[in-house]
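> model this:
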Amino acid sequence: MATAVNLLNYSETVDGMTAMCRTIHAAVRPGGTLYALNQSPDYDFDGLSPRPYGFHCEL
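Here you go, the predicted structure:
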């Protein structure tokens, strides 16, 4: 299992995102799983809280 929490947003280009995902794919064993949590640029900090899922977001 691999986790990527607020990692993929560091890519500045589509090619960079593709490279990141390919690297992660190569590192996860066959049958493994990648869990990713990312915020969109227009994330509403006043909206529903991710706290019930173990995350806290603040500006």
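
> pull out the buried positions in whichever helix or strand residue 20 is part of.
Per DSSP states H and E: residue 20 is located in helix 14-27. Neighbour-count burial for helix 14-27, with 16 or more other Cβ atoms under 10 Å as criterion, is recorded at residue 24. Just so you know, the C-beta spots here come from the backbone N, C-alpha and C atoms, and that holds for glycine as well.

> show me what that helix is packed up against.
Packed against helix 14-27, as judged by 3 or more Cβ pairs under 8 Å, 6 or more residues apart in numbering; DSSP states H and E, are the following elements: strand 2-5.

> counting neighbours, what do you get for residue 48?
7 (other Cβ atoms under 10 Å).

> from residue 55, how far out is it?
12 Å (Cβ to Cβ, to the nearest Å).

> one step back: who's in contact with the helix holding residue 20?
2, 4, 7-8, 10-11, 34 (Cβ atoms under 8 Å, 6 or more residues apart in numbering).
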